[in-house]
Structure formats: structure tokens, C-alpha cells
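Q: Sequence and predicted structure, then a few things I'm wondering about:
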Amino acid sequence: MDKSEWRVYRIEDKEDWEAAIALYAKRKGVKPRYARVSEKAPAWLLSLLEEADGLEIERASNLLPLDVWLTHEKKAEPQMSLFGEAG
């Protein structure tokens, strides 16, 4: 299960995107490295995200089209183990 702390921003234009990145960096002290967006996100929004250096983008079906979820940390999914606890 993903235990990362995600912050959500509604992005309606390029200025919103730039403000979201700046606000995230101000609040967290680092730039976001991961983004989650709706499978129904508009093409212009995906284009903005793809222009960001080092940003890994995930698509999800349960998000609003203009919402972008950001985090700089990502916990690995637990791996199944035949001989002990999942880690």
C-alpha cells in the first residue's frame, strides 16, 4: 500500500501548474517527483506535466480531470514473501 503523502492541486492553465510546483516546493522543501492525473485529463495538461524535468506521471481512473496529485516520495509496494513478513 502506498504510504506517501500526496498533495492535490487543481490546474486550469500553465500559471496554475507553475504555482502548484512552487507551492509544493515551498511547503515540502523539495520539488515533486511523482504526479497522478486522471485518465480523462486534457491533452494540454498532460503536455505540461511531460515538460517537467524528472516527473514520473501515473494515470488513474478515480481522479477529477483537472486535479494533479503530487509527491516527492514514493514508498515501494510491499513484496510478497514465501518465508516471512511482507516488507
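A: Here it is on my side, so go on. Predicted model only: the values in this text are computed from it and were never measured.

Q: In a strand, residue 19, correct?
A: No. With DSSP: H, G, I helix; E, B strand; the rest coil as the criterion, residue 19 is helix rather than part of a strand.

Q: Low-confidence ranges, the chain, go.
A: Counting by pLDDT under 70, the chain shows low-confidence ranges at 1-2, 75-87.

Q: residue boundaries of the helices in it?
A: 14-28, 43-51 (DSSP state H).

Q: now the ones you listed as CSV including mean neighbour count and distance to residue 63?
A: C-beta coordinates here come from the backbone N, C-alpha and C atoms, glycine included. Putting the helices of the chain into CSV (neighbours: other Cβ atoms under 10 Å; distance: least, Cβ to Cβ, whole Å) gives the following:
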stretch, mean neighbour count, distance to residue 63
helix 14-28, 14, 15
helix 43-51, 13, 11
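
Q: got the ones you listed as CSV, with distance to residue 64 columns?
A: Converted to CSV, the helices of the chain look like this (distance: least, Cβ to Cβ, whole Å):
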stretch, distance to residue 64
helix 14-28, 14
helix 43-51, 11
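
Q: just so I know, which of the ones you listed lies nearest residue 71?
A: Smallest distance to residue 71 across these (Cβ to Cβ): 8.6 Å, for helix 14-28.
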